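Colleague: make a model of this:
(chains A and B)
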Amino acid sequence: MTHISQDDVQYLARLSNLELTDAETVNMQADLENIISYVEQLSQIDTTGVEPTYQVTDLKNIWREDKVDNYGVDRDDLLKLSPVVESNQIKVPKVL
Amino acid sequence: MKRISDYSTLSAVEAVRQSIARAKAMSEYNALISLCEDRALDRAAKVDAGEVTGRLAGIPFVAKDNFLTIDSQTTAASDFLRGFSSPIQATAVERLEAEGAICIGKANLDAFAHGGSTENSAFGPTRNAVDMTRVAGGSSGGSAVVVALDIVPFALGTDTGGSIRQPASFNGVVGVKPTYGAVSRFGVVAMASSTDTIGVLSSTVSDAELVMDILCGPDERDMTTIDDFFEPTVEPLRSMKIGLIKESMTDEVDSDVVRCTNDYVNELRAAGHIVEEVSLPLLKQALAIYYIVVSAEVSSNLGRYDGIRYGNRADGQSLAEIYGRSRDNGFMPENKRRIMIGSYVLSSGFFDAYYLHAQKVRTLLIESFDSLFEDYDLLIGPVTPTAAFKLNENTADPVKMYLADIMTVPASLAGLPAISVPAGESADGLPIGVQLIGPQKSDAMLLGIAKQLEETI
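Modeller: Predicted coordinates:
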């Protein structure tokens, strides 16, 4: 059984950009332990000399012309999707 | 259940009105998140005026709410996208509209398609069409239920690890998960890019065949699409050699499911096909591969939901606070679990042991499918180990919930076409489906066989 600590959960939450509540952290710890322990069974399978599969239909890089396609959507349509817009720009808190 | 041809006597406006009226009358099943009433009636009037024609002229359908549609919200059943209105439409929806079909509503799902019961929806669970105390299955639960309840003759779904086939089985409808890359995913909320597929749920195999014929084919907006190989079968099929996967017929599988699968096998034999027992030794391990690979891809694909450019933004003093809180509020617990598992298996120190190793075992799984397809035209087995389970029965135990996917994930990991067709019912009267799996691009052949048997079951 893989052990996952509260600290591990907090670390993973940071990597995942998730701000979990205390109650969520407790539940998550148990769930992650159970799930990781379940998938551990794969470690018994010998994969020496086996190549990994990332793509199943053998497609390779497909090139197209470097031309902009706006999919019939203009800038205003996209700006409308943002929760906070000011002077045609998406507003966020000060970064620097 | 109604077939597409049953709509031939109705005008498009009448068909849409009936469909929407039935959707409203059946609202307690919670199969739909929203209705597209105005746009649907507008398009129906255009069909009736002869401005839009095609093979699906005036036929109402429902799209799972992870397909972007214009003039209606697309939520992916999440709080994150609650109220989100897309300026673009999914290619699959465009292709159906170009043939005159009319989208009347958006179906409920597990948020971001993470789940196998449609209980992980921010809009509440969908109820099973046959027994309201049971789950609809998922993640395309709403799509299966609207077909089973006769609201529409077909619905669009997505299948990443069984999300079309399992709810189809639980509600007694046909579900088609095509070959990876057969149907464009442009405009569909991404879950796991190496296994996501788009398919159809319908009342009959012939209707599924017609819709797949329209959906399949390359799209320059989705570079993973492959050539249009789909040719509906017209000639009677030759005698096929079919492998019954023995690892899917063990004592751990519900006896009703085994009985229905055997009944279907007997029908296949009666129709002149040869069925033999075969072994797929990695069947059980496929689930572990799936939850490593898919969680990794989920954590990456869901990185885009930051509350900045679209979606619902939480308050915060800094960008980090906005990201963290928007994501905490917008995702369901199952979304968070998968993102965290993904972060775990991709993090330094664990990458080789989990992610890379799983992708290697995936190669072994694909090789074992390949060697079976050297001797057999297709494979058969159950869709799920049990019929639809009770609402809340599995929600406290994620691993138990995942086990419902054990028979559907292998085809997904190998990019194979697989269909779920009704094969009978349990002692309690719950629908049970059977799964046919073929080599890549054999989609039409699988449907051809199911069509041949449809009348006899």
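Colleague: so A:Val92 touches B:Ser318, yeah?
Modeller: No: taking Cβ atoms under 8 Å as the definition, A:Val92 is not a contact partner of B:Ser318, at 9.5 Å. (C-beta placed from N, C-alpha, C; glycine too.)
Colleague: okay, those two: which has more neighbours?
Modeller: Using other Cβ atoms under 10 Å in any protein chain shown as the criterion, A:Val92 and B:Ser318 rank with A:Val92 on top: 16 against 12.
Colleague: so which residue is dead centre in chain A?
Modeller: A:Ser16 (6.8 Å; Cα atoms, centre = their mean).
Colleague: what residues does the stretch 51-200 of chain B have near chain A?
Modeller: Neighbours of chain A within the stretch 51-200 of chain B, by Cβ under 8 Å from any Cβ of the partner chain: B:84-85, B:87-88, B:179-181, B:194.
Colleague: I'd like to know which of the residues you listed are buried.
Modeller: B:84-85, B:88, B:179-181, B:194 (16 or more other Cβ atoms under 10 Å in any protein chain shown).
Colleague: could you point out which element follows the lengthiest helix in chain A?
Modeller: In terms of residue count, the longest helix belonging to chain A (DSSP state H) is helix A:22-39. Counting by DSSP states H and E, the element after helix A:22-39 in chain order, helix or strand, is helix A:75-79.
Colleague: hey, C-alpha coordinates of that following helix in PDB?
Modeller: Extracted in PDB, the C-alpha atoms of helix A:75-79 (Å, rounded to 0.1, in the frame of the first residue of the first chain):
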ATOM      1  CA  ARG A  75     -11.700  39.600 -30.900                       C
ATOM      2  CA  ASP A  76     -14.800  41.100 -29.300                       C
ATOM      3  CA  ASP A  77     -16.500  37.700 -29.200                       C
ATOM      4  CA  LEU A  78     -13.500  36.300 -27.300                       C
ATOM      5  CA  LEU A  79     -13.200  39.200 -24.900                       C
END
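Colleague: please name the strands paired to the very next helix or strand once past it in the sheet, noting orientation.
Modeller: Counting by DSSP H and E, the next helix or strand C-terminal to helix A:75-79 is strand A:85-86. Using DSSP bridges, strand A:85-86 pairs in its sheet with strand A:89-90 (antiparallel).
Colleague: quick check: mean pLDDT across the strand it pairs with?
Modeller: Taken as a whole, strand A:89-90 has an average pLDDT of 94.
Colleague: do you know how far the most centrally placed residue in chain B is from B:Thr384?
Modeller: By Cα atoms, centre = their mean, chain B has its centre lying nearest to B:Ile164, at 2.2 Å. Distance of B:Ile164 to B:Thr384, given as Cβ to Cβ, to the nearest Å: 12 Å.
Colleague: with A:Leu59 instead?
Modeller: Distance from A:Leu59 to B:Thr384, by Cβ to Cβ: 31 Å.
Colleague: between these two, who's got more neighbours?
Modeller: Using other Cβ under 10 Å as the criterion, A:Leu59 and B:Thr384 rank with B:Thr384 on top: 29 against 13.
Colleague: quick check: the residue nearest to the centre of chain A touching B:Ile341?
Modeller: No: using Cβ under 8 Å, A:Ser16 is not in contact with B:Ile341; the gap is 9.8 Å.
Colleague: please enumerate the shared neighbours of these two.
Modeller: B:Ser299 (Cβ atoms under 8 Å, 6 or more residues apart in numbering or on different chains).
Colleague: pull the most distant pair out of the buried ones among the residues of the stretch 51-200 of chain B next to chain A.
Modeller: Spatial extent of these (Cβ to Cβ) is set by the pair B:Ser85 and B:Thr179 at 32.3 Å.
Colleague: and the pLDDT for B:Thr456?
Modeller: Reported pLDDT for B:Thr456: 67.
Colleague: now do B:Cys216
Modeller: pLDDT, read off for B:Cys216, is 98.
Colleague: that one: neighbour count?
Modeller: Counted with other Cβ under 10 Å, B:Cys216 comes out at 25.
Colleague: wouldn't it be in contact with B:Val176 here?
Modeller: No: here B:Cys216 does not reach B:Val176: they are 10.6 Å apart, not a contact under Cβ under 8 Å.
Colleague: give me the common contacts of these two.
Modeller: With Cβ under 8 Å, 6+ apart as the test, B:Cys216 and B:Val176 both reach B:Asp443.
Colleague: distance of B:Ala90 from B:Ser248?
Modeller: 33 Å.
Colleague: list the contacts for the residue in the stretch 1-150 of chain B that chain A sits nearest to?
Modeller: In the stretch 1-150 of chain B, the residue that lies nearest chain A is B:Pro87 (4.1 Å; Cβ to the nearest Cβ). Residues in contact with B:Pro87 (Cβ under 8 Å, 6+ apart) are A:73, A:77-78, A:80-81, B:70.
Colleague: hey, where'd the strands end up in chain B?
Modeller: B:32-35, B:60-64, B:102-107, B:154-159, B:174-177, B:197-202, B:241-245, B:274-278, B:378-382, B:418-425, B:431-437 (DSSP state E).
Colleague: closest one to B:Ala404 among the ones you listed?
Modeller: strand B:378-382 (11.3 Å).
Colleague: from the contact counts, what lies against that closest one?
Modeller: Packing contacts for strand B:378-382, counted by 3 or more Cβ pairs under 8 Å, 6 or more residues apart in numbering or on different chains; DSSP states H and E, involve strand B:241-245, helix B:255-270, strand B:431-437, helix B:443-454.
Colleague: got the buried residues for the longest one?
Modeller: So the one you mean is helix B:255-270. B:256-258, B:260-262, B:264-265, B:267-268.
Colleague: closest one to B:Pro410 out of the residues you listed, please.
Modeller: Of those, the one sitting nearest to B:Pro410 (Cβ to Cβ) turns out to be B:Thr261, at 15.8 Å.
Colleague: what's the pLDDT at that closest one?
Modeller: For B:Thr261, the predicted pLDDT is 98.
Colleague: list the residues that contact it.
Modeller: B:Thr261 neighbours (Cβ under 8 Å, 6+ apart): B:244, B:249, B:380-382, B:423, B:434.
Colleague: and for B:Phe369?
Modeller: B:280, B:410, B:414, B:416, B:439.
Colleague: also B:Lys284?
Modeller: B:247, B:406.
Colleague: quick check: the gap between B:Val16 and A:Asp22.
Modeller: 49 Å.
Colleague: these two: who's more crowded?
Modeller: Between B:Val16 and A:Asp22, counting by other Cβ under 10 Å, B:Val16 is the more crowded of the two (28 against 7).
Colleague: my guess is the more buried one contacts B:Leu41. True?
Modeller: Yes: counting by Cβ under 8 Å, B:Val16 does reach B:Leu41; the two are 5.8 Å apart.
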